[in-house]
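In: predicted coordinates and the sequence they were generated for:
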Amino acid sequence: MDNTITLEIVTPYGLIFSGDIDEITATGSEGEFGVFPGHAHFLTTLRVGMLTCKRGSEILIFFVSGGYAEVMPDKVTILADSAERSEDIDVERARTALKRAEERLKQAEKIDFARATAAVERATIRVQIAEKHQAK
Ligand code: ATP
């Protein structure tokens, strides 16, 4: 067994990433966790957040909108509602989505509060990741 992990990020929109990497840090519902090759098998739910991978000297950053992670000694599968690589995030679209969701939250009645809050969270984290990428 070589010293890498195969990472697959799968969404209903398609396979976002498939490749061999050295280590992964993801946002689990119980907090951030790291995975190195040889990690024990486990399943966890994910929060909306950032997923970071190291591949040699390269750092790959993804937005992940929550979902599930299955960790095996040589493979990690992420199943998410949506995910993008940091450089693929359209920051203007995320800012517009954030404004739209914030406006919705101000209309105290007749809104699906959980849905609007989740939209704020996705857009906020997309903007944060995109800005981090632009600052690289
Ligand atoms: P919006 O209101 O802008 O559609 P959303 O949070 O509702 O945002 P999602 O349901 O999470 O969007 O994602 C729908 C699809 O659009 C997915 O393929 C996702 O990767 C893509 N997507 C959403 N927002 C962005 C963005 N800012 N940049 C790039 N792709 C995005």
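Out: The structure has been received and is ready for your questions.

In: before we move on, which element is the residue positioned nearest the centre of the chain in?
Out: The centroid of the chain falls nearest to Val64 when counting by C-alpha atoms, centre = their mean (1.8 Å). Assigned by DSSP states H and E, Val64 belongs to strand 58-72.

In: can you check Ala94 too?
Out: Following DSSP H and E, the helix or strand that holds Ala94 is helix 91-106.

In: which outside residues touch the lengthiest helix in the chain?
Out: Ranked by number of residues, the top helix in the chain under DSSP state H is helix 113-134. With contact meaning C-beta atoms under 8 Å, 6 or more residues apart in numbering, helix 113-134 is reached by 48-50, 61-63, 65, 82, 84, 86-87, 89-91, 94-95, 97-98, 100-102, 104-105. Heads up, the C-betas are built off the backbone N, CA and C, glycines and all.

In: domain assignment for the chain?
Out: Domain ranges of the chain: 5-86, 89-135, per automatic domain parsing.

In: what about the last one, average pLDDT?
Out: Along domain 89-135, the predicted confidence averages to a pLDDT of 91.

In: so how far is that domain from its chain's centroid?
Out: Relative to its chain's centre, domain 89-135 lies at 15 Å (C-alpha atoms, centre = their mean, to the nearest Å).

In: what parts of the protein come near the ligand?
Out: Taking C-beta under 6 Å from any ligand atom as the contact definition, the chain meets the ligand at 13, 65, 82, 84, 88-90, 93-94, 97, 119, 122, 126.
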